[in-house]
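> Just need the structure, nothing else, for what follows:
(one chain, ligands or ions: 1)
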Amino acid sequence: MKTSIHNPHFLLRRLHSLLGLLPVGGFLVFHLWENSQSRFGPLHYNEHVVGWLQGLNYLLLMELFVIALPLLLHAGYGLVILRSGRGNPGTYPWLHNRFHWLQRLSGVAILLFLLLHVGWTRILTIWEPGIKADLFGHMQSLLSHPLIFLLYLTGLLLSIFHLCNGLWSMAISWGLTTSAQAQTHWFYLCCALALMLSAMGVHGMLGFIP
Ligand code: HEM
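Here you go, the predicted structure:
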């Protein structure tokens with residue numbers, strides 16, 4: 001019989017889990033912090049936040065190998081996990097069973113949201129370099145449409161839920177929270193992190209609104 005370590009799905013599941021934490025989760029936290037600086041106004045945001053990032057050495061390589069590739073691998077294997085199991089949110093009425101189902105559903109929603117977000121903010125700048133010079137103004141005009149604002153708010157909150165609920169379930173699968181008490185304590189910490197990140201994310205979004 002194969003031991004877990006010789007089972008490719010076991011190893012891929014671990015890799016998927018690690019990629020969700022770092023670099024994907026780490027980048028999400030950095031990205032929210034970066035955008036929370038919108039509240040300092042267009043000049044600061046365009047010159048000191050976006051300008052600083054765009055001046056980094058090997059930026060394209062970092063974007064491809066530290067952000068895009070890990071996200072694509074996590075999302076790709078996430079879709080494989082999704083295809084291999086069936087959700088049963090109604091069968092067991094426990095909160096964590098519902099959250100487990102929502103974790104998978106939010107993954108698909110985030111994927112669609114990210115395709116739009118990256119298209120609007122990164123791909124579009126290839127044809128329209130003017131957007132790069134004033135990303136603050138670009139985000140401001142996008143977020144001034146109520147539907148797009150709602151879309152961003154939903155994408156933001158789902159991404160934070162997905163990361164924080166993922167952190168809670170990761171601790172079980174990596175054997176870090178083995179007792180019910182440890183799982184409850186970790187749950188409260190994950191909820192606190194989710195609240196903090198949501199406040200920072202919404203603060204950042206509101207910074208673009210005139
Ligand atoms: C903001 C981007 C994302 C972050 C920060 C993130 C983070 C995480 C984390 C930390 C986990 C927990 C891993 C574990 O339980 O071991 C996870 C699980 C998962 N993620 Fe993501 N993820 C992101 C995007 C996506 C996308 C785009 C998909 C596409 C389908 C996806 C699908 C999944 C699935 C299916 C699971 C496993 C659910 C389960 O069976 O327990 N994720 N993610």
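> Up against the ligand, what does the protein have?
When proximity is defined as CB under 6 Å from any ligand atom, the chain approaches the ligand at 17, 20-21, 24-25, 28, 74-75, 78-79, 81-82, 100, 103-104, 107-108, 110-111, 159, 162-163, 166-167, 169-170, 173. C-beta here means a position set from N, CA and C on the backbone, and glycine is covered the same way.
> Can you select the buried ones among the residues you listed for me in PyMOL?
Listed next is the PyMOL selection for buried residues among the residues of the chain next to the ligand, using 16 or more other CB atoms under 10 Å:
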select buried, resi 17+20+24+25+28+74+75+78+100+103+107+110+111+159+162+163+166+167+169+170
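> Of all the residues in the helix or strand where residue 150 lies, which ones are buried?
Per DSSP states H and E: residue 150 is located in helix 146-173. Within helix 146-173, the residues scored as buried using 16+ other CB under 10 Å are 149, 151-152, 155-171.
> count of residues packed around the residue lying closest to residue 4 once chain neighbours are set aside?
Using CB to CB, 6 or more residues apart in numbering and skipping residues adjacent in sequence, the residue nearest residue 4 is residue 10, 4.5 Å away. By other CB atoms under 10 Å, 13 other residues sit near residue 10.
> tell me the mean pLDDT for the helix or strand containing residue 10?
Assigned by DSSP H and E, residue 10 belongs to helix 8-19. The average pLDDT within helix 8-19 is 94.
> Could you do stretch 170-180 as well?
pLDDT averaged over stretch 170-180 gives 97.
> The strand or helix carrying residue 114: how far from the chain's middle?
Assigned by DSSP H and E, residue 114 falls within helix 95-118. Taking CA atoms, centre = their mean, to the nearest Å, the mean C-alpha location of helix 95-118 is offset from the chain mean by 10 Å.
> Repeat that for stretch 146-158.
Here the centre of stretch 146-158 is set off from its chain's centre by 13 Å, with CA atoms, centre = their mean.
> Can you pull the phi/psi pair for the nearest residue to residue 163 once chain neighbours are set aside?
Spatial nearest neighbour of residue 163, excluding adjacent residues (CB to CB, 6+ apart): residue 25 at 4.9 Å. Main-chain torsions, residue 25, degrees, to the nearest 10: phi -60, psi -40.
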